[in-house]
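Student: Here is my input; please provide its structure:
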Amino acid sequence: MRGDTAMDTESKAGKLILETLRKAKKPLSTYQVAKLAQLSWPTANSHCYRLKSSGVLDSKSDEVKIGVKRIIWWIK
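Tutor: Numbering: from 1, shown residues only. Down below sits the predicted model:
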C-alpha cells in the first residue's frame, strides 16, 4: 500500500500541476497553478503541499502586501 504522497504524483490533479509547472518554465503561485490547471484553489493548494512532501516540488512564501502572503511553487 502506498502513502498519500507517493500516490499524488500519479493522481490526476498531481499530474495536471506538474504539467502546468513544466509548461510555465517558471515558478507559479497557487492561484496561477489553479487557474492554469483548471483546478479549484483548495485542490491545487493541497496537492502542491503533497507534492512538496514527496520531494517533487519546492516552495517559498512571498509577502505581496502587509498581511497577505502567497506561496510560489516550482519543480525541484
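Student: all contacts plus neighbour counts: C-alpha atoms, from now on.
Tutor: OK.
Student: ok, then the element right after the lowest-mean-pLDDT helix or strand in the chain?
Tutor: Ranked by mean pLDDT, DSSP states H and E, the weakest helix or strand in the chain is helix 4-8, scoring a mean of 54. Counting by DSSP states H and E, the element after helix 4-8 in chain order, helix or strand, is helix 12-24.
Student: can you pull the alpha-carbon coordinates of that following helix into CSV?
Tutor: What follows is helix 12-24 as a C-alpha-only set of coordinates in CSV (Å, rounded to 0.1, in the frame of the first residue of the first chain):
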residue,chain,number,x,y,z
LYS,A,12,-5.0,13.5,-12.0
ALA,A,13,-4.6,16.7,-10.1
GLY,A,14,-0.9,16.0,-9.3
LYS,A,15,-0.2,15.3,-13.0
LEU,A,16,-2.0,18.5,-14.0
ILE,A,17,0.0,20.5,-11.6
LEU,A,18,3.3,19.1,-12.7
GLU,A,19,2.4,19.5,-16.4
THR,A,20,1.3,23.2,-15.7
LEU,A,21,4.6,24.0,-13.9
ARG,A,22,6.7,22.3,-16.7
LYS,A,23,4.9,24.3,-19.4
ALA,A,24,5.2,27.6,-17.5
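Student: Give me the contacts around that helix.
Tutor: If you take CA atoms under 8 Å, 6 or more residues apart in numbering as the criterion, helix 12-24 is touched by 8-9, 27-28, 33-34, 36-37, 39, 43-44, 47-48, 51, 74-75.
Student: and that helix, which residues are buried?
Tutor: For helix 12-24, burial by neighbour count (16 or more other CA atoms under 10 Å) applies to 13-14, 16-18, 20-21.
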